[in-house]
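**Student:** give me a model of this one.
(chains A and B)
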Amino acid sequence: MNLSSNEVMTYVTAILFALLVHGIVIGLMSLNWEESVRSYTELKPYYIEAAIVAENPYKAKEERAVDQEKSRRDKKLRERRKTEARLRQEQVNWARQQRLKTDVKPAEPAVLPEPTPVVEEAGETEVDPESVRSEFADELAEALTREANARKAVTDDEKAMAYVAQIRREIVQNWSRPPSARNGMEVLLRVLLIPTGEVVDVKVEDSSGNGAFDRSAVLAVTKARRFVVPTDSQRFERDFREFTVLFRPDDLRL
Amino acid sequence: MNEPLSILDLVLNASVVVQVVMGLLILASLTSWVMIFQRGFALSSIHRQATDFESEFWSGKDLGELYVELDTENSDVIGLESIFASGFKEFSRSGQQDGADQERVMQNVQRAMRVALVREEERLETHLPFLATVGSTSPYVGLFGTVWGIMNSFRGLATVNQASLSVVAPGISEALVATAIGLFAAIPAVIAYNRYAAYVEVIMNRFEAFSDEFSSILDRASHQR
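**Tutor:** Predicted structure coming up:
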């Protein structure tokens, strides 16, 4: 097809017009684009954060056992000091109360095997820091020798503590407090176990005065039905055959 | 990401396939707009010329004079004028021969005008198939680019640990630009194609009517002779 000059002119103008149209469209788009996007960037998304709040206590124990002796010593010292401070605080609060002969713990329901060192200290209300320190030094030496014997072995005390913590956790899980529960209420239970860890008897040793509260505590233990106890029968007889549990709703507002 | 993505960033960061698709579509859009404007100018000028010529034709001017005027005025005769010129040329040429059969002369004239008509129709319809093609295929081409881009951005999502919207969003956004360009190219092309096809039809009807009228005039003239 041969093009006349007239037609060439139409093509040239058409090309110019087409370029103009595209230029206008792209310009408008990029202008509006920025504005429309900017209005959206103001929106901030919100996140629901999830974090691990509890870890396996046994795993922690093992890790700690494998840890270097220095960190171990530090930890022990810290634990000791904490217990000491706690006991002192308790002294102020309840030293005059009749319950002193049994074990007392400031946390929620406290499970304490009577012959453990903690309880021993609870018995002697006045603790000389010096004697504690020397006692601790002895124990440290003992622990070091034990560690030399079996590097990865967890100490008996720690084991017992782990069992106690486990029992406490189970009871807390099963405990549903009645609406009439108030801060300052305390009920002491005596729990009887058989070597498989099953609960055979729960007795109210010291009532709170509120029947519903006492019942809820008894129910919490009976609902747990079975606790994890050491397989070592000697240990079981010594610490876990019979123990007391103190229930105190510390975290309540009323 | 505080910086808003500009449309240029989206195009530049797109994958090669998507970029090729976008380039093709922009080219198609540019070309189709060139066609649209060119056809618009050409068709309206032909229409105007036909109107002018018809008014001149029916003004009672001598047809021979009109023909000479056309022939000398410009070498390229288009539209209605070319139909008139080819018909008149054939008539005068056949009529010059001695003992020419009138019926044969008229047949030749009509054939010549039909040929001119076909040529004119061809000229009117240039570029219209291109517009039709762009109108019907560029959405698909754009869709292909989009699908490809989204495919890629989701594939990238597979390697990310935490799948969030901000990982896939830019990829999808840049992929969707391809569809947008495809539609931008297609819509005017389809509209222009439909409009110009109807316009060509109108002009062709006019040409046909004129050629019929003109052949009847020539027929009458040859009988008078």
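**Student:** what is the neighbour count of B:S173?
**Tutor:** Neighbour count for B:S173, taken as other Cβ atoms under 10 Å in any protein chain shown: 17. Where C-beta positions appear, they are placed from N, C-alpha and C, glycine not excepted.
**Student:** for chain B, what lies in contact range of chain A?
**Tutor:** B:1-2, B:4-8, B:26, B:29-31, B:33-38, B:40-42, B:45, B:76, B:78, B:123, B:126, B:184 (Cβ under 8 Å from any Cβ of the partner chain).
**Student:** kindly recompute the last result at 6 Å.
**Tutor:** Taking Cβ under 6 Å from any Cβ of the partner chain as the measure of proximity, chain B contacts chain A at B:P4, B:I7, B:L30, B:W33, B:V34, B:F37, B:Q38, B:F41, B:A42, B:D76.
**Student:** highest neighbour count among these?
**Tutor:** With neighbours taken as other Cβ under 10 Å, the top of these is B:W33, carrying 25 neighbours.
**Student:** looking at the residues of chain B next to chain A, which are in helices?
**Tutor:** B:I7, B:L30, B:W33, B:V34, B:F37, B:Q38, B:F41, B:A42 (DSSP state H).
**Student:** list just the nearest of those residues to B:M106.
**Tutor:** B:A42 (32.1 Å; Cβ to Cβ).
**Student:** one step back: just put the residues of chain B next to chain A in a markdown table and tack on distance to A:V21 and pLDDT.
**Tutor:** Converted to a markdown table, the residues of chain B next to chain A look like this (distance: Cβ to Cβ, whole Å; pLDDT from 0 to 100):
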| residue | distance to A:V21 | pLDDT |
| --- | --- | --- |
| B:P4 | 26 | 56 |
| B:I7 | 17 | 71 |
| B:L30 | 9 | 93 |
| B:W33 | 6 | 93 |
| B:V34 | 10 | 93 |
| B:F37 | 8 | 93 |
| B:Q38 | 13 | 92 |
| B:F41 | 15 | 91 |
| B:A42 | 18 | 90 |
| B:D76 | 29 | 67 |
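**Student:** show me the two of these that sit farthest apart.
**Tutor:** Spatially, the most separated pair among these is B:P4 and B:D76, at 54.2 Å (Cβ to Cβ).
**Student:** distance of the residue nearest the centre of chain B from chain A?
**Tutor:** Central residue of chain B (Cα atoms, centre = their mean): B:L128, 3.2 Å from the mean position. Separation of B:L128 from chain A (Cβ to the nearest Cβ, to the nearest Å) stands at 14 Å.
**Student:** now the helices for chain B?
**Tutor:** According to DSSP H, the helices that chain B contains are B:7-13, B:16-57, B:63-73, B:80-96, B:102-124, B:128-158, B:165-224.
**Student:** how about the contacts made by the residue nearest to B:I181 when sequence neighbours are not counted?
**Tutor:** Nearest residue to B:I181, sequence neighbours excluded (Cβ to Cβ, 6 or more residues apart in numbering or on different chains): B:L25, at 4.4 Å. B:L25 sits next to B:S138, B:G142, B:I181, B:G182, B:A185 when contact means Cβ atoms under 6 Å, 6 or more residues apart in numbering or on different chains.
**Student:** the first one touches B:A186, doesn't it?
**Tutor:** Pointing back at B:S138 there. Yes. Using Cβ atoms under 6 Å, B:S138 is in contact with B:A186, at 4.4 Å.
**Student:** give me the more crowded residue out of these two.
**Tutor:** B:S138 (26 against 23).
**Student:** gap between that one and A:M161?
**Tutor:** 76 Å (Cβ to Cβ, to the nearest Å).
**Student:** likewise for A:V25?
**Tutor:** Going from A:V25 to A:M161 by Cβ to Cβ gives 76 Å.
**Student:** same question for A:W175.
**Tutor:** Going from A:W175 to A:M161 by Cβ to Cβ gives 21 Å.
**Student:** next: A:I15.
**Tutor:** 88 Å.
**Student:** out of these two, which sits in the busier spot?
**Tutor:** Neighbour count, other Cβ under 10 Å: between A:I15 and A:M161, A:M161 has more, with 19 against 16.
**Student:** whichever strand or helix holds the more buried one: which residues count as buried?
**Tutor:** Assigned by DSSP states H and E, A:M161 falls within helix A:156-174. Across helix A:156-174, burial judged by 16 or more other Cβ atoms under 10 Å in any protein chain shown covers A:E158, A:K159, A:A160, A:M161, A:A162, A:Y163, A:V164, A:Q166, A:I167, A:R168, A:E170, A:I171.
**Student:** of those, list those near chain B.
**Tutor:** Among these, proximity to chain B is found for none (Cβ under 6 Å from any Cβ).
**Student:** in a markdown table, list those along with pLDDT.
**Tutor:** Compiled in a markdown table, these are given as follows (pLDDT from 0 to 100):
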| residue | pLDDT |
| --- | --- |
| A:E158 | 75 |
| A:K159 | 76 |
| A:A160 | 78 |
| A:M161 | 80 |
| A:A162 | 81 |
| A:Y163 | 82 |
| A:V164 | 83 |
| A:Q166 | 83 |
| A:I167 | 84 |
| A:R168 | 83 |
| A:E170 | 83 |
| A:I171 | 84 |
